[in-house]
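K.L.:
the following comprises the amino acid sequence and a computationally predicted model.
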Amino acid sequence: MISFIKKLFHILMKNIDKAMALIIFICTLSGAWFLFNYANSHGVSFIDLIKTDLIISYGALSLFTLAIISYVLSFAVFISPKITLYFYKKALMKSRVNDKRKRIKIYITYSLAMSILNGVLYQQWKIGIGLYLIGFMTVSYITFQRHTFLNYLKQLGIVSFITLTYLIMTYVIFLLFSRLLNFTLEPGNSVNSAIKILVLIVLPLIFSMSGLSSLKTKKKDTKTTLYFYLVLLFFVITYLSTAFSSSISENVTRMIGLGFQARCYYTEDLKKYKIPNNMATKLDNNRTQLFIIADIDGKIYISQNKEHSAEFLFTAKDLTQINCKK
């Protein structure tokens, strides 16, 4: 293993120039794509954003964000078979069901129920807890009770532990994504909320089902595992290209100081730019807050609507930015 790492490192150092050229090319390509997506989504001129240093840094941060997402999801899928195997050995093999096929069917049913429960908990946590207490405990009693009530409680504890592990893992991932991709976790009745609920249902289902191959055979079923990795990859790419792509752009835009954030200036300095009143929020007599979509070399796009689409453009290279907090 050590010799392989040394060999790989030697090859990398030998071709460092080619590797750097490839990295810069990928960063430039991805940076141009994410900048175009941001410009298109928020009413900014793409021509104003085209700068070599901006494109490369934008692409590098965007790729870094995607790399973290891919790593976290891959790690979750990697450890899921171990969780599944533990559940099968400690709970299902000690249940009343002796047939292996029936045990697997029970596990699939359990995975579906757990995923739906996750979506319900997100939207209505009280109803979700009620469903768990009534549904899971009843089914567990019918399936796992064997001779003594103490044994039932032990099996129920295992089921609860596995369920909580998957649900907590899903919510931790979702919380991480909310930080990286600039979206909120609050439930609601919008299309975005529906997408979030769908993700919270699908993610634990993918995690739990990715370990199904470890139940079918003693040896690892490579095809089945590969299938779930492909499903997960398709799901991630599809979601990132739709709901999350603009979120990545917004988050990176804020990180590099390009915009998509509220900034404050002296009220007196802003008067000469004739900014509409509905786009400026006066914090006090001396300070005014603007929501900046993009600030490119003093060319400032601002907005006031909820969708944050640029509505007013002015040029101010010597404008002094101040702290919004007192």
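P.N.:
That came through fine.
K.L.:
show me where the stretch 151-300 of the chain has its helices.
P.N.:
191-209, 213-216, 222-239, 245-255, 267-270 (DSSP state H, counting those that start in this stretch).
K.L.:
which residue comes closest to residue 263 once chain neighbours are left out?
P.N.:
Excluding the flanking residues, the one nearest residue 263 by CB to CB, 6 or more residues apart in numbering is residue 292, at 5.1 Å. For glycine as for every other residue, the C-beta is placed from the backbone atoms N, C-alpha and C.
K.L.:
the one you found: what's it in contact with?
P.N.:
Contacts for residue 292 (CB atoms under 8 Å, 6 or more residues apart in numbering) come out as 259, 260, 261, 262, 263, 300, 301, 302.
K.L.:
can you give me the buried ones in the longest strand along the chain?
P.N.:
Secondary structure of the chain per DSSP state E: the longest strand is strand 287-296. Neighbour counts using 16 or more other CB atoms under 10 Å place 287, 288, 290, 291, 292, 293, 294, 295, 296 of strand 287-296 among the buried residues.
K.L.:
and the gap between residue 32 and residue 62?
P.N.:
As judged by CB to CB, to the nearest Å, residue 32 and residue 62 stand 10 Å apart.
K.L.:
between these two, which one's more packed in?
P.N.:
residue 62 (23 against 17; other CB atoms under 10 Å).
K.L.:
the more buried one touches residue 34, doesn't it?
P.N.:
Yes. Residue 62 is within contact range of residue 34, at 4.7 Å (criterion: CB atoms under 8 Å).
K.L.:
overlap of the contact sets of the two?
P.N.:
248, 249, 252.
K.L.:
neighbours of the residue nearest to the last one when sequence neighbours are not counted, just the number please.
P.N.:
Leaving aside its chain neighbours, residue 252 sits nearest to residue 61 (4.6 Å; criterion: CB to CB, 6+ apart). A total of 20 residues lie near residue 61 under the criterion other CB under 10 Å.
K.L.:
quickly note the distance from the nearest residue to residue 296 once chain neighbours are set aside to residue 118.
P.N.:
Once flanking residues are discounted, residue 296 sits nearest to residue 48: 5.0 Å by CB to CB, 6+ apart. Distance, residue 48 to residue 118, by CB to CB: 43 Å.
K.L.:
looking at the two, which has the bigger crowd around it?
P.N.:
Shown here are residue 48 and residue 118; by other CB under 10 Å, residue 118 has more neighbours (24 against 15).
K.L.:
angle of the helix or strand harbouring that one against helix 191-209?
P.N.:
Residue 118 belongs to helix 100-123 when assigned by DSSP states H and E. Using axes from the mean of the first three to the mean of the last three CA atoms, to 10 degrees, the direction of helix 100-123 lies 150 degrees away from that of helix 191-209.
K.L.:
so where is this protein shaky, pLDDT-wise?
P.N.:
Where the chain drops to pLDDT under 70, the residues are 1-16, 18-19, 52, 94, 122-149, 151-152, 181-193, 211-246, 306-307, 326.
K.L.:
so where's the longest helix in it?
P.N.:
With DSSP state H setting the assignment, residue counts place helix 52-90 as the longest helix in the chain.
K.L.:
how big is the angle separating it from strand 287-296?
P.N.:
Using the same axes, to 10 degrees: helix 52-90 against strand 287-296 is 100 degrees.
K.L.:
packing partners of helix 52-90?
P.N.:
Judged by 3 or more CB pairs under 8 Å, 6 or more residues apart in numbering; DSSP states H and E, helix 52-90 is in contact with helix 16-42, helix 100-123, helix 149-181, helix 191-209, helix 213-216, helix 222-239, helix 245-255.
K.L.:
now do the buried residues in the third one.
P.N.:
Within helix 149-181, the residues that qualify as buried are 152, 155-156, 158-159, 162-163, 165-167, 169-171, 173-174, 177, 180-181, counting by 16+ other CB under 10 Å.
K.L.:
same question, the fourth one
P.N.:
Within helix 191-209, the residues that qualify as buried are 196-197, 199-209, counting by 16+ other CB under 10 Å.
K.L.:
thinking again about what came up before, and the contacts of residue 292, which of them are buried?
P.N.:
259, 260, 261, 263, 300, 301, 302.
K.L.:
nearest to residue 100, of those?
P.N.:
residue 260 (53.8 Å; CB to CB).
K.L.:
circling back: surely the residue nearest to residue 296 forms part of a helix?
P.N.:
Yes. Residue 48: assigned to a helix according to DSSP: H, G, I helix; E, B strand; the rest coil.
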